[in-house]
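Visitor: predicted model and sequence follow; I will ask about them next.
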Amino acid sequence: MTDTRAGMAGTDAGTDVLGTIQQRVLWLATRIIDAANHDRDTGDGVKVGGHQASSASLVSVMTALYFAHLDAPDKVSVKPHASPTFHAIQYLLGNLDRSYLPTLRAFGGLQSYPSRTKDPDIVDFSTGSVGLGAAAPLFAAATRRYVDAHFGARPGSRFIALIGDAELDEGNIWEAVSDPATDGLGDVMWIIDVNRQSLDRVVPGIRIAQWKQQFTGAGWHVVEAKYGHRLQAAFARPGGESLRAWIDEMPNEHYQSLFGLPAPSVRQRFLDGAPDEVRDFCAGIASDAELAGLVTDLAGHDFRSLLAAFGECDAEKDRPSVLFAYTVKGWGLPIAGNPRNHSALLSTAQIDQMRERLGLTLATEWDRLDPMTTAGQWVAARREHLARAPRRSSPVPPVPDSTGLRPGRPISTQEALGRILVGLSRDEGVAPYLVTTAPDVATSTNLAGFINRTGVFSPAVRRSWSEDAALKWSEGPEGQHIELGISEMNLFLLLGQLGLSWDLSDQPLLPVGTVYDPFVLRGLDAFVYSVYSGARFVVAGTPSGVSLAPEGGAHQSTITASVGLELPNVTFIEPAYATALDWLICGALQAIAAANAAPPGTAGIEDGSYYFRLSTRGIDQAPFAGARDRLGDAVLRRHVLAGAYQLADAGEAAAGGAPEVCLAGSGAVLPEVLAAAAELGDEGIAAHVVDVTSADRLYRAWQRTLRQGVRTATPPSIPGALRTVFGTRAPVVTVHDAASHTLSWLGSALGVPAVSLGVDTFGQSGTVSDLYRVHDLDAGSIVNAALAALSLDHR
Ligand SMILES: Cc1ncc(C[n+]2csc(CCOP(=O)(O)OP(=O)(O)O)c2C)c(N)n1
Ligand SMILES: [Mg+2]
């Protein structure tokens, strides 16, 4: 795609026009924040906030990008605190209605930080939790590479991240950079906004040399845009080299202190401790103002330098590029470079002065650039150039209701997952869309069967040096498993981008990730990030709980079930039996395919991701077969998908007058629950057994009816999913190899006494029965819990 204006941008005339545009971007970004804080009466006395200095820092870089560099298919992640700059640009480009400009941080208005799902204009990547949005484009590019290899090349996109320099303190950045799965992505450009300031302080010392080495070591192409053209010209003059060396060696704190000073004091501060050559050189510049302008002339605000640097990055086709753009936090504003400027706001008087300086009035301050001017025409041409083509719609073929898994022997849910994925890989329609990934735990989470059939993804065929009869690890562009190093952050960032591929790469996929369940927490922030961004994927946390008995406390998860239940946009599922898992996985993939193909918010489609908590404990499948015979497949499947079904029915004993209790278990503990029910039966107590396949779906159904009651001031009813399965109003015992809290709400939902058993202390090594005994999950404890629940029933 050619854009004549991009070619003109590097000329004097071009940089003049960009200069005019950037002044308007700076004004709008600053005023958007000012309006949020000063024009609106929030009525609650809570400070609104916003980041004028952080926004100003990127004004030149973003003006250069959007008005002279980007093409329509490019995808950009914008540093969280520059969201006003982004929206100002979208407004000037005609992609955002003027009515939104005074709505930053207002309900229904522009979000504080760029949001894919909540902002009114098109945001490619959500940002906010620093480091995560920064790394997302790298995984989007890895996803694009995968998509191009499997489905044919899309129009080329560049994946660009605008990153605050302090974001490089986040470990996930370096996990992303060093993973081999992100090697060689030449269409990636990270632009680091090197303003040498974070939130609290001027970042001590000079970090950049170390960062450059870290990027270089990881195989990245490193570019710097450090000195503006005035400084570069000065360096070329006799004695200029000493000036350069002096600036290069100056610690951040010293350099940064220049910005807040009046021009005459800049000379003195700049030369504080300087060698004689530098003093002599500066003596040749008589004007203090000229010297101050010169020594603070950074390339991050120099269009020619920036555009040349972007070009250098583009030219590097075989590896990602990082561009260190030296900038000034608060550039062009009275708060420029002040160490305390992160949350500082211009006063109304300062805003008035700025408006006047730009020739704007209260009547014209929100206007777009005049279309009759050169700048206005430039922007109009860029608007046309950046208009995106409509998405091609190519939905995933129908996902079956089940893979027909019918295990005849005891099997764990983890093993069943492996077999279900193999089953799906035999389905010619669905198979091409499946992609699995794992952080170095593919084989130990039972993905080997799938990998044997589909291979491991690598952009080029890689020779295999060792033959393994059990596992064919054949790597090439056709592989459908993406192997990651041990980084759960990377797992969830990659799953997030695979799960947004329908949008960012115009290709729906069915992504499935596996991770040891306790380490879901290790990647939790990225998990939250990805689902907040609207990504749709399946992740299996396996193995989980103390059922992983010999592995001990460090590998046993307890609070993950609560996390799964509570996380928005995620459906948490924990089945016990293989056939139930089969139905649930197929159901999840069906929902993902449907949501990817449907307009947002389409009624009846469960939209989001799926978190399966699985186990390596093999359990006898006969009880499930019994429920199948009793209820029939159609009813049983409906109940399994709704969140619970009756695994054992003690209706006969109850009809004979026996006291009734409901034992509700979830996951690997069902054998103990069934044994307890049998013991209770022997003691003349009718114990029904309910297998909770998704505490989340049950909880949501309950909450829906409650909230409906709250909103309409009418008495809520017990939701159908609970009423059908629990039937009677008998006391309840909940049993879960997870924190007892996860299911403890069932008593309230049913309006009956409840005793909740679960794992509320850290685990340890042992056998399953040792640990179930310690945590009161053995059959005897469940029996006692049932008696306790009955004794609490005073009706
Ligand atoms: C994970 C996370 N931790 C802390 C914060 C709070 N925070 C917001 S901005 C910021 C400093 C950012 O500095 P930098 O990335 O250099 O941005 P800039 O200087 O451009 O404002 C911090 C600590 C956050 N947003 N996310
Ligand atoms: Mg910074």
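Guide: Looks like it came in fine. Ligands and ions are numbered 1, 2, ... in the order given.

Visitor: which residue does the chain have closest to ligand 1?
Guide: residue 164 (2.0 Å; C-beta to the nearest ligand atom). From N, CA and C alone the C-beta is placed, and that goes for glycine too.

Visitor: that residue: what's it in contact with?
Guide: Residue 164 makes contact with 54, 79-81, 130, 192-193, 195, 198, according to C-beta atoms under 8 Å, 6 or more residues apart in numbering.

Visitor: same list (those) but as TSV, adding distance to ligand 1.
Guide: As requested, the contacts of residue 164 are exported to TSV (distance: C-beta to the nearest ligand atom, whole Å):
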residue	distance to ligand 1
54	3
79	6
80	6
81	5
130	4
192	9
193	5
195	5
198	4
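
Visitor: can you lay out the residues you listed as TSV showing distance to residue 721, pLDDT and neighbour count?
Guide: Converted to TSV, the contacts of residue 164 look like this (distance: C-beta to C-beta, whole Å; pLDDT from 0 to 100; neighbours: other C-beta atoms under 10 Å):
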residue	distance to residue 721	pLDDT	neighbour count
54	47	98	27
79	44	98	30
80	39	98	24
81	44	98	26
130	40	97	22
192	50	98	27
193	50	98	26
195	53	95	31
198	49	89	17
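
Visitor: in three-state terms, label residue 687 for me.
Guide: Following DSSP: H, G, I helix; E, B strand; the rest coil, residue 687 is assigned to strand.

Visitor: next, count neighbours for residue 152.
Guide: Neighbourhood size, residue 152 [other C-beta atoms under 10 Å]: 8.

Visitor: just residue 667 next, same as before
Guide: Residue 667, neighbours per other C-beta under 10 Å, totals 27.

Visitor: how about the closest residue to it other than its chain neighbours, what does it touch?
Guide: Once flanking residues are discounted, residue 667 sits nearest to residue 574: 4.4 Å by C-beta to C-beta, 6 or more residues apart in numbering. Shown in contact with residue 574 (C-beta under 8 Å, 6+ apart): 561, 564, 612-614, 666-667, 692-695, 738.

Visitor: related to what we said a few turns ago, residue 214: which of the contacts of residue 164 is nearest?
Guide: Top of the list for closeness to residue 214, among the contacts of residue 164 and by C-beta to C-beta, is residue 192 at 11.9 Å.

Visitor: which residues does the closest one bridge with?
Guide: residue 163, residue 324 (DSSP bridges).

Visitor: can we start the residue count at 870 from this point?
Guide: OK, 870 is where the count begins now, so the last one is residue 1061.

Visitor: OK, contacts around it?
Guide: Residue 1061 neighbours (C-beta under 8 Å, 6+ apart): 1032-1034, 1037, 1080, 1191-1194.

Visitor: let's see it at 7 Å
Guide: By C-beta atoms under 7 Å, 6 or more residues apart in numbering, the contact set of residue 1061 is 1032, 1034, 1037, 1191-1194.

Visitor: can you check residue 1621 too?
Guide: Residue 1621 neighbours (C-beta under 7 Å, 6+ apart): 1598-1601.

Visitor: which SS state does it fall under?
Guide: Assignment for residue 1621 (three-state DSSP): coil.

Visitor: residue 1181 is in contact with residue 1093, isn't it?
Guide: No. Residue 1181 is beyond contact range of residue 1093, at 9.8 Å (criterion: C-beta atoms under 7 Å).

Visitor: for the stretch 1270-1419 of the chain, which segments count as strands?
Guide: Assigned by DSSP state E, counting those that start in this stretch, the strands in the stretch 1270-1419 of the chain fall at 1303-1308, 1325-1326, 1344-1345, 1350-1353, 1379-1384, 1407-1410.

Visitor: for the stretch 970-1119 of the chain, which residues score under the pLDDT cut-off?
Guide: Of all residues in the stretch 970-1119 of the chain, none has pLDDT under 70.

Visitor: all strands of it, in order?
Guide: 1028-1033, 1057-1063, 1090-1094.

Visitor: run the angle between the shortest one and strand 1057-1063 for me.
Guide: Inter-element angle recorded for strand 1090-1094 and strand 1057-1063: 40 degrees (by axes from the mean of the first three to the mean of the last three C-alpha atoms, to 10 degrees).

Visitor: residue contacts, residue 1311?
Guide: If you count contacts by C-beta under 7 Å, 6+ apart, then residue 1311 has 1320, 1350, 1352, 1383 around it.

Visitor: excluding chain neighbours, what is closest to the last one?
Guide: If I follow you right, that is residue 1383. That would be residue 1314: by C-beta to C-beta, 6+ apart, it lies 3.8 Å from residue 1383.

Visitor: look at residue 1516 and give its secondary structure.
Guide: Three-state call for residue 1516 (three-state DSSP): strand.

Visitor: and it, how many neighbours does it have?
Guide: With other C-beta under 10 Å as criterion, residue 1516 counts 28.

Visitor: and it, what pLDDT?
Guide: For residue 1516, the model assigns a pLDDT of 98.

Visitor: again, but for residue 1199
Guide: 96.

Visitor: wait, doesn't it sit right on residue 925?
Guide: Yes. Look at residue 1199 against residue 925 with C-beta under 7 Å: they come within range, at 5.2 Å.

Visitor: still on that earlier bit, okay if I get the contacts of residue 1621 as JSON lines plus pLDDT?
Guide: Listed next are the contacts of residue 1621 as JSON lines, based on pLDDT from 0 to 100:
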{"residue": "1598", "pLDDT": "87"}
{"residue": "1599", "pLDDT": "95"}
{"residue": "1600", "pLDDT": "97"}
{"residue": "1601", "pLDDT": "98"}
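
Visitor: redo these as a markdown table? Include neighbour count and distance to ligand 2.
Guide: Below are the contacts of residue 1621 laid out as a markdown table (neighbours: other C-beta atoms under 10 Å; distance: C-beta to the ion, whole Å):
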| residue | neighbour count | distance to ligand 2 |
| --- | --- | --- |
| 1598 | 14 | 60 |
| 1599 | 24 | 60 |
| 1600 | 25 | 58 |
| 1601 | 26 | 54 |
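
Visitor: tabulate these (CSV), appending secondary structure.
Guide: Listed next are those as CSV, based on three-state DSSP:
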residue, secondary structure
1598, coil
1599, coil
1600, coil
1601, strand
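
Visitor: now do the SS call for the closest residue to ligand 2 within the stretch 1120-1269 of the chain.
Guide: Taking C-beta to the ion as the measure, the stretch 1120-1269 of the chain has residue 1198 as its residue closest to ligand 2, at 6.0 Å. For residue 1198, the assignment made with three-state DSSP gives coil.

Visitor: that one: how many residues sit nearby?
Guide: Neighbours of residue 1198 (other C-beta under 10 Å): 32.

Visitor: once you drop chain neighbours, what's closest to it?
Guide: Using C-beta to C-beta, 6+ apart, the closest residue to residue 1198 is residue 1064 (3.8 Å).

Visitor: how about the contacts made by the one you found?
Guide: 926, 1034, 1196-1198.

Visitor: let me have the strands of the stretch 1270-1419 of the chain in TSV, adding mean pLDDT, mean neighbour count and distance to ligand 2 as columns.
Guide: TSV is the format used below for the strands of the stretch 1270-1419 of the chain (pLDDT from 0 to 100; neighbours: other C-beta atoms under 10 Å; distance: least, C-beta to the ion, whole Å):
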stretch	mean pLDDT	mean neighbour count	distance to ligand 2
strand 1303-1308	98	25	30
strand 1325-1326	98	22	36
strand 1344-1345	96	16	39
strand 1350-1353	98	24	29
strand 1379-1384	98	28	32
strand 1407-1410	98	28	33
